[in-house]
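A.B. asks: Attaching a predicted model along with its sequence, questions to come.
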Amino acid sequence: MANSLFAQDPQLSQYYNAPLYLNPAFAGTAQNTRAILNYRNQWPGTGASFVTYAASLDHSIESYRSGVGLLVKRDIQGQSGALVSTDINLFYTYEVWLSNRWTFRPGIALGYTNRTFDYANFVFGDQLDNSGLTGGASADAFSGSRLHFLDVSAGGLVYDDHFWIGLSAFHLNRPSQSVEGLSEAPLPVKFSIHSGYKFFLNNWNGSGYPERSFTPTFNYKAQGAFDQLDLGAYLTYDPVMFGLWYRGIPVKNYSSGLLNNESFILMAGIHFNGLSFAYSFDLPVSRLSLGNSYGAHEISLIYEWEIPYDKRKVKKRGRTIPCPKFTKRYQNY
């Protein structure tokens, strides 16, 4: 017998390699055109499949100090895709120069989500007897198997040449998730606060020298009654990059008595001629052990290319964000 179910949006360990999913304000921050593919397979050893795919494209409009973007995400839960969620989001950002040092970048996202439920992949009570599964179909009838809704999200970034901090809020309109339509089931707003500081270990100025830097970062997110914190750092030693993060809030207990203690995240990546590849592995430190879950595997692939612009129409190029931008600019201007 089930009373209530609680869940959150899919989370990506490489949040810095999924900028539009982290904060709408990141659209256009590459100052080039940027394409990103993300893949995550979470806890494949549990027998319950949690697989997330995402593809994004964003572009900086230099003459208007603006950025635009597109994100398509598909999340598959349960064996044979019992629950599948697909969403498409459009992004717009604008760059505001607060001073010679500080920049503010607000952003907004408008999205459409489609979810499907395949009841044939679930097991119901009338399909069980003392010997186990009967093999017959359930006599239970369900009126709905598809849900779609519009979604509104927003965010902002404040940054200089080394430091950044951002705040984002997704599902601001709190769309209903009820498939049956018998009651309202509003989707809780997801909040995220993320920040970091990049320490350059050499005289890197964007060209001429390989980058050597150390960047501690954090990402705190909360949705409904639950929250989580990713805390760690990555080291860039061009052309390779390594990272280590901890996910959890070990000083916090939930009502069930379980500690908010989830995993360590190990990451390695490499970039070459505008193309970046990164792999990360979540090593569980909770009761869901490595032997039971096989951890979580995540891959990111990023490609940047420069769109030529007319210098006569752009008096001053947009300000570079070396901190939130985790792939270097490979072109020389």
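C.D. replies: The structure has been received and is ready for your questions.

A.B. asks: Tell me where the model's unsure across this structure.
C.D. replies: In the predicted model, the chain carries pLDDT under 70 at residues 1-7, 79-81, 120-121, 137, 139-144, 180-183, 203-209, 254-258, 307-333.

A.B. asks: how about the helices of it, start to end?
C.D. replies: In the chain, the segments counted as helices under DSSP state H are 19-22, 290-293.

A.B. asks: Would you mark the buried spots in the last one?
C.D. replies: When neighbours are counted by 16 or more other C-beta atoms under 10 Å, the buried residues of helix 290-293 are found to be residue 293. Every residue, glycine included, has its C-beta placed from N, CA and C.

A.B. asks: Can you list the helices and strands that that helix packs against?
C.D. replies: strand 275-284 (3 or more C-beta pairs under 8 Å, 6 or more residues apart in numbering; DSSP states H and E).

A.B. asks: same thing with the first one?
C.D. replies: Using 3+ C-beta pairs under 8 Å, 6+ apart as the contact test, the elements touching helix 19-22 are strand 33-42, strand 50-61, strand 66-77.

A.B. asks: How about the contacts made by residue 145?
C.D. replies: Neighbouring residues of residue 145 by C-beta atoms under 8 Å, 6 or more residues apart in numbering: 116, 117, 118, 119, 179.

A.B. asks: ok, now residue 134?
C.D. replies: Residues near residue 134 by C-beta under 8 Å, 6+ apart: 127, 128.

A.B. asks: where does it sit relative to residue 47, distance-wise?
C.D. replies: Distance, residue 134 to residue 47, using C-beta to C-beta, to the nearest Å: 21 Å.

A.B. asks: go on, residue 221?
C.D. replies: Residue 221 is 27 Å from residue 47, by C-beta to C-beta.

A.B. asks: Repeat that for residue 268.
C.D. replies: As judged by C-beta to C-beta, residue 268 and residue 47 stand 28 Å apart.

A.B. asks: same question, residue 27
C.D. replies: 38 Å.

A.B. asks: and the two? which has more neighbours close in?
C.D. replies: Per other C-beta atoms under 10 Å, whichever of residue 27 and residue 47 has more neighbours is residue 27, with 31 against 8.

A.B. asks: Hmm, the more buried one is touching residue 68, no?
C.D. replies: Yes: with contact defined as C-beta atoms under 8 Å, residue 27 counts as touching residue 68 (6.2 Å).

A.B. asks: any residues in contact with both of the two?
C.D. replies: 58, 91, 92, 93.

A.B. asks: Tell me which two in the residues you listed are the farthest apart.
C.D. replies: 58 and 92 (10.4 Å; C-beta to C-beta).

A.B. asks: Let me see the contact set for the closest residue to residue 197 other than its chain neighbours.
C.D. replies: Once flanking residues are discounted, residue 197 sits nearest to residue 163: 4.9 Å by C-beta to C-beta, 6 or more residues apart in numbering. Residue 163 is in contact with 195, 196, 197, 198, 323, counting by C-beta under 8 Å, 6+ apart.

A.B. asks: Out of those residues, which sit inside strands?
C.D. replies: 195, 196, 197 (DSSP state E).

A.B. asks: Tell me which residue lies farthest from the centre of this structure.
C.D. replies: Distance from the C-alpha centroid of the chain peaks at residue 130, with 43.9 Å (C-alpha atoms, centre = their mean).

A.B. asks: Looking at residue 58 and residue 92, which one has more neighbours?
C.D. replies: residue 58 (23 against 17).

A.B. asks: surely that one meets residue 30?
C.D. replies: Yes: using C-beta under 8 Å, residue 58 is in contact with residue 30, at 6.8 Å.

A.B. asks: still on that earlier bit, and the residue nearest to residue 197, how close does it get to residue 185?
C.D. replies: Here residue 163 is placed at a distance of 40 Å from residue 185 (C-beta to C-beta).

A.B. asks: Do you have the strands of the stretch 51-200 of the chain handy? List them.
C.D. replies: Read by DSSP state E, counting those that start in this stretch, the stretch 51-200 of the chain holds these strands, from start to end of the chain: 66-77, 83-94, 96-97, 103-117, 128-129, 132-133, 146-159, 163-170, 190-197, 199-200.

A.B. asks: Partner strands of the fourth one, with direction?
C.D. replies: In other words, strand 103-117. Its sheet considered, strand 103-117 pairs with strand 83-94 (antiparallel), strand 96-97 (antiparallel), strand 146-159 (antiparallel) by DSSP bridges.

A.B. asks: Good, we can wrap up now.
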